[in-house]
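Engineer: Quick one, what's the 3D model for this:
(one chain, ligands or ions: 1)
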Amino acid sequence: MKKERSYQKVIMKIYADNAATTKMSRTAIQSMLPYMDKVYGNPSSLYTIGQEAKEALEDARIRVAFCLGCDPKEITFTSGGSEADNMAIISAARLGERKGKKHIISTAFEHHAVLHTLNKLKREGFDITLLDVHQNGLVTPEQVAEAIRPETCLVTIMYANNEIGTIQPIAEIGKVCREKGVTFHTDAVQAVGHLPIDVQEQNIDMLSLSAHKFHGPKGIGALYVKRGIRLTNLIEGGAQERGKRAGTENVPAIMGMAAAMEEAVQNMDANTKKLVAMRDRLIEGLSQIPYSELNGDAVCRLPGNVNFCFEGIEGESLLLLLDDKGISASSGSACTSGSLDPSHVLLAIGRPHEVAHGSLRLSIGEDITEEEIDYMIKSVAEVVEYLRNMSPLWKDLVSGKRQHIFLK
Ligand SMILES: *Cc1c(COP(=O)(O)O)cnc(C)c1O
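Structural biologist: Alright, predicted model coming up:
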């Protein structure tokens, strides 16, 4: 008897969560392989295979530094963006407290690697000012200037926001800090490889980056620190990284990071042009969904970032149904200990709790096609309608029992 064939529904597979992590590029993978099976020596060893690894490591440092416009001595390799953020902030705080300066300025919508480190310092007696973020997802150099006090030891403001993609006026903020003699750190994890960076031109004293956000490997990053600023060790041990970060260097990952960074910088213009066109097509399509709004400025945003709020739905269900349609996306709300906390970023730009819960981030990659963009628009529209039809909250909005938050 002939077996009946079961047809699997053909769906597209679209990865639209590049702000969470990216697929490694072939170049990055290829550049790592020799350092796993041939040049596997410990860079601290004196024999040839160790010294070859050491040479590669220092060459990678030169290449990373070149991409940022700094000196190789100003680059410290870390385990990623979180460690770089911790190291930068703790170092500036330790330098500050020695001079009796225990005030730090940041914003309400930083990454948790920054916010949680600041909370730790607050418990130690530091005074932390978190600047309000405007509705468009931007802070201004004027806000920074007004907040700086004689006892301010650090300003830490992210380059581009990981949820809503808005790009801060980093060079101008850096200028304010430099004029007032305050150290300026920026979490540039979302920016490196995607936006032009020159730490000197932009008056940046410290900058964090992470390879897996620009098609490099996970678990590797770097901190740029302007010469003259003394780092505090977070990890004690050997004398690696000029004694500032103990532990045998992850040579393969560092090679992958350098290659991915060079590739991203070389292709930046072409990638940006393509991504902006795709992003704007997606924004235009999603704007047609009733009672939806884009989060963050439409222009001053990362080329690949789209983030919307939809009234009357809940982000987590949206994600699960989009996953059924082959789309990997992200929502602002994170399920913590059973309760759904809306995104601190969306709350910071003034979104009320009920719409902050209904958020969706689509962060597209360079290989996205128009067909995929149109499939995402259609899928999101379908899923939003489906969820609204089941939602008691939406019924109240339709019947007028509850007021709409968005105009249309
Ligand atoms: C991803 C991310 C980090 C954390 O980087 P890891 O390498 O994952 O530790 C920090 N800040 C921002 C803005 C990020 O997007």
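
Engineer: Show me where this structure dips below the pLDDT cut-off.
Structural biologist: Along the chain, segments meeting pLDDT under 70 span 1-10, 333-340.

Engineer: Helices of that one, start to end?
Structural biologist: Counting by DSSP state H, the chain has these helices, from start to end: 26-32, 34-37, 48-68, 81-98, 112-123, 141-147, 170-180, 251-266, 268-287, 315-324, 344-348, 353-356, 370-390, 392-399.

Engineer: Looking at these, spot the one closest to the ligand.
Structural biologist: Each of the helices of the chain has some distance to the ligand by CB to the nearest ligand atom; the shortest is helix 81-98, at 2.5 Å. Heads up, the C-betas are built off the backbone N, CA and C, glycines and all.

Engineer: Show residues contacting that closest one.
Structural biologist: Applying CB atoms under 8 Å, 6 or more residues apart in numbering, the contact partners of helix 81-98 are 76, 78, 102-104, 111, 113-114, 117-118, 121, 126, 153-154, 156, 183, 185, 187, 189, 206, 208-210, 213, 221-223, 225, 229-232, 234, 245.

Engineer: Would you mind listing the buried residues in that helix?
Structural biologist: Buried residues in helix 81-98, counting neighbours by 16 or more other CB atoms under 10 Å, are found at 81-93, 95-96.

Engineer: Could you do stretch 317-331 as well?
Structural biologist: Buried residues in stretch 317-331, counted by 16+ other CB under 10 Å: Ser317, Leu318, Leu319, Leu321, Leu322, Lys325, Gly326, Ile327, Ser328, Ala329, Ser330, Ser331.

Engineer: Repeat that for stretch 27-38.
Structural biologist: Under the neighbour-count criterion of 16+ other CB under 10 Å, stretch 27-38 has Thr27, Ala28, Ile29, Ser31, Met32, Tyr35 buried.

Engineer: Between the buried residues of stretch 317-331, which sits nearest Val39?
Structural biologist: Checking the buried residues of stretch 317-331 against Val39 by CB to CB gives Ser328 as the nearest, at 35.0 Å.

Engineer: What about Gln110, how many residues nearby?
Structural biologist: If you look again at residue 110, you'll see it is Glu, not Gln. Glu110 has 24 neighbours, counted by other CB atoms under 10 Å.

Engineer: Contact residues of the stretch 201-350 of the chain facing the ligand?
Structural biologist: Residues of the stretch 201-350 of the chain lying close to the ligand (CB under 6 Å from any ligand atom) are Ser210, Lys213, Gly221.

Engineer: any idea which of those residues is the one closest to the ligand?
Structural biologist: The shortest approach to the ligand among these belongs to Ser210, at 3.3 Å (CB to the nearest ligand atom).

Engineer: Quick check: that closest one touching Leu223?
Structural biologist: No: look at Ser210 against Leu223 with CB atoms under 8 Å: they stay out of range, at 10.4 Å.

Engineer: of those two, who's got more company?
Structural biologist: Here Ser210 and Leu223 are set side by side on neighbour count (other CB under 10 Å), and the busier one is Ser210, at 29 against 26.

Engineer: Not counting its neighbours along the chain, what's nearest the more buried one?
Structural biologist: In space, not counting the residues next to it along the chain, Ser210 is nearest to Gly81; the distance is 3.4 Å by CB to CB, 6 or more residues apart in numbering.

Engineer: Tell me how far Met261 lies from Ala298.
Structural biologist: Taken as CB to CB, to the nearest Å, the spacing of Met261 relative to Ala298 amounts to 28 Å.

Engineer: and the two? which has more neighbours close in?
Structural biologist: Met261 (25 against 12).

Engineer: Could you give the number of residues near the residue lying closest to the more buried one once chain neighbours are set aside?
Structural biologist: Once flanking residues are discounted, Met261 sits nearest to Cys67: 5.0 Å by CB to CB, 6+ apart. When counting by other CB under 10 Å, one arrives at 18 neighbours for Cys67.

Engineer: can you pull the contacts of Cys67?
Structural biologist: Each residue near Cys67 by CB under 8 Å, 6+ apart is listed here: Val192, Ile197, Met261, Glu262, Val265.

Engineer: among those residues, who's most crowded?
Structural biologist: Each of those was scored for neighbours by other CB under 10 Å, and Val192 scores highest at 30 neighbours.

Engineer: surely that one meets Lys213?
Structural biologist: Yes: counting by CB under 8 Å, Val192 touches Lys213, with 7.2 Å between them.

Engineer: Now stretch 234-250 - C-alpha only, PDB.
Structural biologist: Extracted in PDB, the C-alpha atoms of stretch 234-250 (Å, rounded to 0.1, in the frame of the first residue of the first chain):
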ATOM      1  CA  LEU A 234      37.700  42.800  37.600                       C
ATOM      2  CA  ILE A 235      39.500  39.400  37.300                       C
ATOM      3  CA  GLU A 236      42.700  38.800  39.200                       C
ATOM      4  CA  GLY A 237      45.400  36.300  38.100                       C
ATOM      5  CA  GLY A 238      48.000  36.400  35.400                       C
ATOM      6  CA  ALA A 239      49.500  39.400  33.700                       C
ATOM      7  CA  GLN A 240      47.600  39.200  30.500                       C
ATOM      8  CA  GLU A 241      46.200  42.400  28.900                       C
ATOM      9  CA  ARG A 242      48.900  44.500  30.600                       C
ATOM     10  CA  GLY A 243      47.900  43.100  33.900                       C
ATOM     11  CA  LYS A 244      44.400  44.500  33.700                       C
ATOM     12  CA  ARG A 245      42.500  41.400  32.700                       C
ATOM     13  CA  ALA A 246      43.800  38.000  33.800                       C
ATOM     14  CA  GLY A 247      43.100  34.800  32.000                       C
ATOM     15  CA  THR A 248      44.500  33.100  28.900                       C
ATOM     16  CA  GLU A 249      43.400  35.100  25.900                       C
ATOM     17  CA  ASN A 250      40.700  33.700  23.700                       C
END
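
Engineer: first to last residue in stretch 179-197, what's the distance?
Structural biologist: 20 Å (CA to CA, to the nearest Å).
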